[in-house]
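> What follows is a predicted structure for the sequence shown.
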Amino acid sequence: MARSRVFGEVAEVYDAARPGYAQELVAEVLAYAALGDRPAVEIGAGTGKATAAFAEAGTELVCIEPDPRMAQVLRRNTAHRPGVRVHVGAFEDWRPAGRGFGLVFAATSWHWTDPQRRWDLVHEALAPGGALALFWNPQGVRDADLHTALSEVDARHGITGAPHGRTASAFGEVPGDWGGGPSAGWPQDECRRDGRFSDLRSVRYRQDLYYDTARYLGCLASLSAYRVLPADRREQVLAATGRVLDAHGGGIPMTLFSDLFLARLG
């Protein structure tokens, strides 16, 4: 799990460079959850890329974030929202203390949770009929020539899993298909095997983005695949990536796929 704890090294870069989540996605989650006056729990809140949108909708939130450096930025970003409380620690170590929550959600963080315990922990946190929302923001590059050039850089430096490692056209038509069939991390089958949830739904939103070179390099620098590299190797691959981007107009056109999975307890 070490890779889940590297983001705090660049918490400010993470906050500035990572994309947020579609407003339509947030609205879909809240409509499905029908919270009323019940609060929600966010797993792995990071710096609040998803938190802010839920808080702005008036949701009372308990945000669980294991890295204190990320939590510090999260607190700053939500300081004007009295309904947001930040708990520093792992989801696996947090307890709801008998409080029934109407929603548990994870924004690009579910894959860091313990697969042997996470369904039991969600079950413990949710009130009867409560909702689970899991979502991710995979991206694909729209320029095939740029994809080829960047893939050559990645191959030389041993990078796998970069956003530009897939073309937007390679994504399938259904949520969780991020090129070549459903992702192994898509939670639908695991949720069905658990057997305690119903009304399973999957929804996809998409939007086109353009990153200039500096912002895209910041986004890459915040990813675990780059954070785990020795500093000199990380700087080499980022510099090489930057040269490719500058040679292709100074940026990169991407499509952001916001894929959402919903389930209800009971």
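Structure's in. What do you need? Numbering: from 1, shown residues only.

> residues contacting the nearest residue to residue 27 once chain neighbours are set aside?
Spatial nearest neighbour of residue 27, excluding adjacent residues (C-beta to C-beta, 6 or more residues apart in numbering): residue 57 at 7.9 Å. Where you see a C-beta, it was placed from the backbone N, CA and C, and this is true even at glycine. Shown in contact with residue 57 (C-beta atoms under 8 Å, 6 or more residues apart in numbering): 26-27, 30.

> so which of those residues comes closest to residue 113?
Relative to residue 113, the closest of the contacts of residue 57 is residue 26; by C-beta to C-beta it sits at 21.0 Å.

> Give me the neighbour count for that closest one.
24 (other C-beta atoms under 10 Å).

> gap between the residue nearest to residue 27 and residue 151?
39 Å (C-beta to C-beta, to the nearest Å).

> same deal with residue 130?
Distance from residue 130 to residue 151, by C-beta to C-beta: 43 Å.

> Settle it for me: which of those two has more neighbours?
residue 130 (24 against 17).

> those helices in the stretch 101-250 of the chain, which residues are they?
118-125, 144-157, 188-194, 213-221, 224-227, 231-247 (DSSP state H, counting those that start in this stretch).

> Can you give me the buried ones in the shortest one?
It stands for helix 224-227. 225-227 (16 or more other C-beta atoms under 10 Å).

> Show me what it packs onto, helices and strands only.
helix 231-247 (3 or more C-beta pairs under 8 Å, 6 or more residues apart in numbering; DSSP states H and E).

> chain center to the helix it packs on: distance?
24 Å (C-alpha atoms, centre = their mean, to the nearest Å).

> So for it, what gets flagged as buried?
Result for helix 231-247 [16+ other C-beta under 10 Å]: buried residues 234, 237-238, 240-242, 244-245.

> Then stretch 62-80?
Applying 16+ other C-beta under 10 Å to stretch 62-80 flags 62-67, 69-75, 77-78 as buried.

> Distance of the most centrally placed residue in the chain relative to residue 19?
Residue closest to the average C-alpha location in the chain (C-alpha atoms, centre = their mean): residue 108, at 2.0 Å. From residue 108 across to residue 19, the span is 10 Å (C-beta to C-beta).
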